[in-house]
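J.: Got a sequence here, can you model it:
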Amino acid sequence: MSGDTRKDFLLATAADFFGVSAEEPNMMMLLTTIELNNFLDDGNCSVLLASYTQQAPSGAVGDERSIFTVKLSNSSKCEDASAEKILVFYKVTPIAITPENLHSNVFVSSMLESPLHALYHSIDKVWAPVLLDSGKWSHQIDGKLQQLLTELATGLGAVVRREGGGDGRTSNSETTGLTRILTPSDEFQFWAEASMSASKLKVRN
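T.: Next comes the predicted model:
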């Protein structure tokens, strides 16, 4: 690719996540972007966000190619409302990225639906179990912080279950809420919230 192992790694990672080839012209053109260079060379630039949008084939006879665009930004806020997938690279330490520190200083986070949805599942499925149930790490967190983490996961889960979809649209549909039930704990929380909502409605009436 570019011969720069840092750029090759970031673009190959993004291409794999987006399901495209890193050799695609739309990916290769990102090698010279200001945003990519800023993230790699400027210690004060801590974020590189890649957003992916796919368009339908042109419709021409024999042309079944998918047209896609990938945009880079040095802000964690995605301005492209049409983006279908988002991948965020961020630095642990505010320094320039080198081939030597690339794999220890750059973290990667993906976003398939809303930021809220991504945050909830990363906490509920990964970080809460690791930090609360692992003997190696749980003893480093005091009881108050453990309780706050549990409440955060529960609160985010409640909002996600009320959410109408990953695009941020909301809905009060029970069917929508049921689609967010992925575990027995989710089901328990769903019916507990439904019961509470019914009780509040009864009191108001």
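J.: make it CA atoms for all contacts and neighbour counts henceforth
T.: Will do.
J.: can you list the residues that contact stretch 85-102?
T.: Where contact means CA atoms under 8 Å, 6 or more residues apart in numbering, the residues beyond stretch 85-102 that reach it are 5-6, 14, 17-18, 39-53, 76, 105-113.
J.: Could I get the buried residue list for it?
T.: Buried positions in stretch 85-102, judged by neighbour count with 16 or more other CA atoms under 10 Å: 85, 86, 87, 88, 89, 90, 91, 95, 96, 97, 102.
J.: So which of those residues belong to helices?
T.: Those of the buried residues of stretch 85-102 mapping onto helices are residue 102, per DSSP state H.
J.: And the strands in this protein?
T.: Along the chain, the segments classed as strands by DSSP state E run 47-55, 67-73, 85-91, 106-111.
J.: can I get the ones you listed in CSV with mean pLDDT?
T.: Supplementary listing: the strands of the chain in CSV, determined by pLDDT from 0 to 100:
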stretch, mean pLDDT
strand 47-55, 91
strand 67-73, 91
strand 85-91, 94
strand 106-111, 92
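J.: Reformat those as TSV; add distance to residue 144.
T.: Compiled in TSV, the strands of the chain are given as follows (distance: least, CA to CA, whole Å):
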stretch	distance to residue 144
strand 47-55	31
strand 67-73	37
strand 85-91	29
strand 106-111	27
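J.: Please name whichever of those is nearest to residue 127.
T.: Counting by CA to CA, residue 127 lies closest to strand 106-111 out of the strands of the chain; the figure is 13.1 Å.
J.: hmm, who's touching the closest one?
T.: Under the criterion CA under 8 Å, 6+ apart, external residues in contact with strand 106-111 comprise 85, 86, 87, 88, 89, 90, 91, 92, 118.
J.: looking at the strands of the chain, which is closest to residue 123?
T.: Ranking those by their distance to residue 123 (criterion: CA to CA) puts strand 106-111 first, at 12.4 Å.
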